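*Asks:* Any chance you could fold what I've pasted below:
(4 chains)
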4 protein chains.
Amino acid sequence: MKRIGILTSGGDAPGMNAAIRAVVRKAVFEGAEVVGVRHGYAGLISGEFQPLSISSVGDIIHRGGTILQTARSPEFMKPEGQQQAITNLSDQGIEGLIVVGGDGSFRGAQALARAGIKAIGLPGTIDNDIAGTESTIGFDTAVNTAVEAIDRIRDTATSHERAFVLEVMGRDAGFIALAAGLAGGAESILIPEVQTTMDEVCERLVRGRDRGKRHSLIVVAEGFAPGMQVGEEVRRRTGYDTRVTILGHIQRGGSPTALDRNIASQMGARAVDLLLQDQANLMVGVAGGRTVDVPLDEVVGRKKAVDRATYQLALTLSI
Amino acid sequence: MKRIGILTSGGDAPGMNAAIRAVVRKAVFEGAEVVGVRHGYAGLISGEFQPLSISSVGDIIHRGGTILQTARSPEFMKPEGQQQAITNLSDQGIEGLIVVGGDGSFRGAQALARAGIKAIGLPGTIDNDIAGTESTIGFDTAVNTAVEAIDRIRDTATSHERAFVLEVMGRDAGFIALAAGLAGGAESILIPEVQTTMDEVCERLVRGRDRGKRHSLIVVAEGFAPGMQVGEEVRRRTGYDTRVTILGHIQRGGSPTALDRNIASQMGARAVDLLLQDQANLMVGVAGGRTVDVPLDEVVGRKKAVDRATYQLALTLSI
Amino acid sequence: MKRIGILTSGGDAPGMNAAIRAVVRKAVFEGAEVVGVRHGYAGLISGEFQPLSISSVGDIIHRGGTILQTARSPEFMKPEGQQQAITNLSDQGIEGLIVVGGDGSFRGAQALARAGIKAIGLPGTIDNDIAGTESTIGFDTAVNTAVEAIDRIRDTATSHERAFVLEVMGRDAGFIALAAGLAGGAESILIPEVQTTMDEVCERLVRGRDRGKRHSLIVVAEGFAPGMQVGEEVRRRTGYDTRVTILGHIQRGGSPTALDRNIASQMGARAVDLLLQDQANLMVGVAGGRTVDVPLDEVVGRKKAVDRATYQLALTLSI
Amino acid sequence: MKRIGILTSGGDAPGMNAAIRAVVRKAVFEGAEVVGVRHGYAGLISGEFQPLSISSVGDIIHRGGTILQTARSPEFMKPEGQQQAITNLSDQGIEGLIVVGGDGSFRGAQALARAGIKAIGLPGTIDNDIAGTESTIGFDTAVNTAVEAIDRIRDTATSHERAFVLEVMGRDAGFIALAAGLAGGAESILIPEVQTTMDEVCERLVRGRDRGKRHSLIVVAEGFAPGMQVGEEVRRRTGYDTRVTILGHIQRGGSPTALDRNIASQMGARAVDLLLQDQANLMVGVAGGRTVDVPLDEVVGRKKAVDRATYQLALTLSI
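*Replies:* Below you'll find the model as predicted:
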């Protein structure tokens, strides 16, 4: 294989640039070329290709976002769109494609694979809801961003009854909420995977306050309920003065943590190795500090579940 | 004067601890004693006094919040409450009182002054809306927190039409929004002091997008309109995919910046100097890097105005 | 078991407080008591015990250092010292002891174990050189601190010949240097485990510069050579203007990352579980995101080796 | 004036990019063009000119370093070098030149001014040692970087005798050391402007330790003495275990603080205003939150003095 393509797709995740850099430099080191595709699958259809050299990925390892950008691509859902993409890849002489993204992005990779394109997926999403890998590129950074927010909120202790609500990302998955809530010592963690009533939440708040806690912090994943709504409910039921923070896209940006850069680098290099060995239709994940290769078919559509023991631990430790 | 009291009042502001530390250490250095009042004016009434020594303010200069905590005090609004506070101060042998807080806190200091208590105010509020001082304790930290949020949001550039809205604090004043918007390069800055129509905002967005801008960021002070509402309006009018971040109390916490620690230290030491010289009913502000003494009567009720030239500059530079 | 002791020993590591908090809260939740030992083994001998309650570990999860402090204890090396420690533990009714520290600290735990004390070790050291665990408490924070330093140095690109040297911790192990060098994109990584001549280092620098690199950064573990000496050598051989940064104890402090807090919390809770099950002489490590129990005898004296493939990857990617 | 040139010179300082952005956008807004000169005076001689448009300064406000880079230029010291620079400026149709840098850079501007080039200086140096301005671009960021380092070191308290030494930049001036030492609560601050004997330093250390201080931190400006030497002296005289951190170029990098971005933006816009009004040979400084125009002749060669009262305050507050 002489020519490898790479695209980033789905929501931005810090560390995607480190993955791009690793793919390019590893490939060049091995004697292959890399072509970047801008704007994800949309660019694959519209033909936004750009050769990537060793120096074009210099000075990007520490930058948030992705130099290749992402985009939505309703066209790629249709057979004609996919056909155009395949034609373009062929015209460019791209024999293998590395897709950095989440579940939806991997479905796209599968579609291309069915048409004979050798595709490798790298899990790039802050949500960490990808099966077959311990962590996804961007997750560690997003969690640290949320924890920093919690730390700041904790500083503002008051003597009167007050509760803080922090809404973090996670439409279907509570990974960010759980990891940030555990690390931040949040009193309640509301995630889509665990049913919790507002009665329970308010009881915990009042109990903590009665035991002398000066903070009452609820971390809620957007997929459980909007933070504003949770704040309103708590106010109504407890009479507490309730303050809401909605982190939003802050979680998608920022310079990636060391961990996110390093797993992205390892995954990127491994993806090149696999393509050069003519292997494909795999996702490169990490487990125990090393890369693991998992068939895309075993990954797509199988959401990873949050660890219930960790959820229980977070509650136990924040009493 | 042998005994000085100190309390923090109103919303938390990073740097209040540096002010407390400076008051205590400077006073002890000059041979006086310091008594801390917990929970602001409420603690003045309920008698929450604690002697503060050199070591009791060790290791606090870098901490957000206030070790003396703040509280609301409806009781202090009434004559009986104030009378009780005065009796308590007299019982404690406290001859001079240093109040760290905002406009409302200074009104309390004035009330005590009318009853013969020597009071000095230190401007401690993230809002920076206090007349007679270039900056208030906590403002610089809050602005940097907001700018960090903007920087992270900027990382997540996308190719499709999207606008970001960041709601920052400021019920009556746009200082945080303006300083953060200028430093962050925000396309629009919505503050209570400047009338802006949503038409203008949306026009700027579309114009910027047409010129190739990949970011469209609106910073809005909560006193202008809720961030959620601004986001909704922009979505409705432009069809853009709009994402809202509400910073909330994140802005009140965090380790204070060097500037906030240093002006707090200078102000605290100056307040002690003034009381030891039997001067009172003054606020200690900063101007040009040095402390200035301003009569409390010239400060209270006179909100500082944002600089229109700076507002204009921010718009000019974000074209 | 009704009463558990805990001490922190060796160099400070961010996350030790999270471990203490987890031990206390988990133990109380399970109906046991916890006694903290101040100043490590020295305090065990001199009898510095303090009961720890749920609230005494409130608001510490995000703080660097350790509330129990560490200390050197030459006395504990002698049989009389150990005998005194055992007597004290017995007097306090402490049936199990949790030791947070590194290799030397675990040797102390083994000595106590031989005398019948049930001991559990938690790997707490920024160096990550403990066998039987993927990561140690404090390592992730130290690496991120070093990476932040690298990022800042990278900003100051110049056109004339210049090389930067960053000395990080690691007397016998290059884990911090390797992880930070990979994440920071350093041109050279000098670690005790890999022999590298200054000729090779300088050749890499010159080659990189010739290819147009604007940065030339060498990360050196203190155990390889002092940073000052490396800088001097590079200057002498290449004629480059060389600038040296020595991070020193900056790496030991700072608020722990989410990962360090979370593994510390998991390990602390697991240690309590083990003691309550009357298990002992184990270290609780992490692997693949979960805790693992490893006999102390398999850990002590067996330094973990850095991954050569990762070292090679770092060099490949920084061409 | 239709065409303005801009260059950055001397050591990098965070905020230089914000100044470049402000100059370009303000100039374009006013109908003028801007040409950037790469590599400072060296590029002026070798002819490294590049037109700067509104979009070429997009997304740089938050980046450390300078997109125009700096360089040394021994050639510019000679008449022939200056003559070549003037010829090049004339060939490019550049009528006014904005120079961002320190004292040495302003001397260059004066030399050009004597040859009829309209020059405006902007104080861009982390050292803050420029007369006529309250603060220089980069100073606030450098101080906050040093304070963050101090905060981290403070976390690692120990029970045995230990002292920390932090070497910060400042060959001739102690501004960074003083501001960081005050904000960080350092026990001793060693700056070129104040004679201090090692006896005094060690006495303070021992006295503080005797009073129960757990930290002993000495901040030393490189111009007073090398940090390593100070550490060695303290070790020799007190027997303390002494640890040294040398910040080095970390202080020159990093994302600029809000303050540095905002004064850079104000100064840059003002410089354009002045040139468009045909004014020149001025430096634009800041005082009291606003820009001030000062003749370059009153600035060059007149180092600003650190405030002795602030120095005394720092010592008083760290008892």
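*Asks:* Now do the contacts for the closest residue to residue A:269 other than its chain neighbours.
*Replies:* Leaving out its chain neighbours, the residue that sits closest to residue A:269 by CB to CB, 6 or more residues apart in numbering or on different chains is residue A:26, at 4.2 Å. C-beta coordinates here come from the backbone N, C-alpha and C atoms, glycine included. Residues near residue A:26 by CB atoms under 8 Å, 6 or more residues apart in numbering or on different chains: A:268, A:269, A:272, A:273, C:316, C:317.
*Asks:* from those residues, which single one is nearest chain D?
*Replies:* residue C:317 (21.3 Å; CB to the nearest CB).
*Asks:* which residue packs closest to that closest one, ignoring adjacent ones?
*Replies:* For residue C:317, ignoring the flanking residues on the chain, the nearest one in space by CB to CB, 6+ apart is residue A:25 at 4.8 Å.
*Asks:* Kindly provide the distance from that neighbour to residue A:34.
*Replies:* 9 Å (CB to CB, to the nearest Å).
*Asks:* can you pick the most crowded of the contacts of residue A:26?
*Replies:* Of all the contacts of residue A:26, the most densely surrounded is residue A:268 (32 neighbours; neighbours counted as other CB atoms under 10 Å in any protein chain shown).
*Asks:* wait, is it part of a helix?
*Replies:* Yes: under DSSP: H, G, I helix; E, B strand; the rest coil, residue A:268 falls within a helix.
*Asks:* In contact with whatever residue of the stretch 201-319 of chain A ends up closest to chain D, which residues?
*Replies:* For the stretch 201-319 of chain A, the residue closest to chain D is residue A:255, as judged by CB to the nearest CB, at 8.9 Å. Contact analysis of residue A:255 by CB under 8 Å, 6+ apart lists A:14, A:62, A:63, A:64, A:141, C:151.
*Asks:* Let me know the secondary structure of it.
*Replies:* Following three-state DSSP, we place residue A:255 in the coil state.
*Asks:* Need the per-residue pLDDT for it.
*Replies:* In this model, residue A:255 is scored at 97, pLDDT.
*Asks:* Kindly report the same for the one 10 residues further on.
*Replies:* Among the per-residue scores, residue A:265 holds a pLDDT of 98.
*Asks:* Then the one 3 residues further on?
*Replies:* For residue A:268, the pLDDT comes out at 98.
*Asks:* elements contacting the helix or strand bottoming out on mean pLDDT in chain A?
*Replies:* Every helix and strand of chain A was ranked by mean pLDDT, DSSP states H and E. The lowest is helix A:198-210, at a mean of 90. On a contact count with 3 or more CB pairs under 8 Å, 6 or more residues apart in numbering or on different chains; DSSP states H and E, helix A:198-210 meets strand A:188-190, helix A:227-238.
*Asks:* just so I know, which of these lies nearest residue B:108?
*Replies:* Of all those, the one in closest proximity to residue B:108, counting by CB to CB, is helix A:227-238 (27.1 Å).
*Asks:* What helices and strands are in contact with that closest one?
*Replies:* Using 3+ CB pairs under 8 Å, 6+ apart, helix A:227-238 sits against strand A:162-168, helix A:198-210, strand A:217-221, strand A:241-246.
*Asks:* Close to chain C: what parts of the stretch 151-300 of chain A are there?
*Replies:* By CB under 8 Å from any CB of the partner chain, the residues of the stretch 151-300 of chain A that approach chain C are A:151, A:154, A:179-180, A:182-185, A:211-215, A:255, A:257-259, A:261-262, A:265-266, A:269, A:287-289.
*Asks:* Only whichever of those residues are buried, select them in PyMOL.
*Replies:* Buried residues among those (16 or more other CB atoms under 10 Å in any protein chain shown), as a PyMOL selection:
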select buried, chain A and resi 151+154+179+180+182+183+184+185+213+214+215+255+257+258+259+261+262+265+266+269
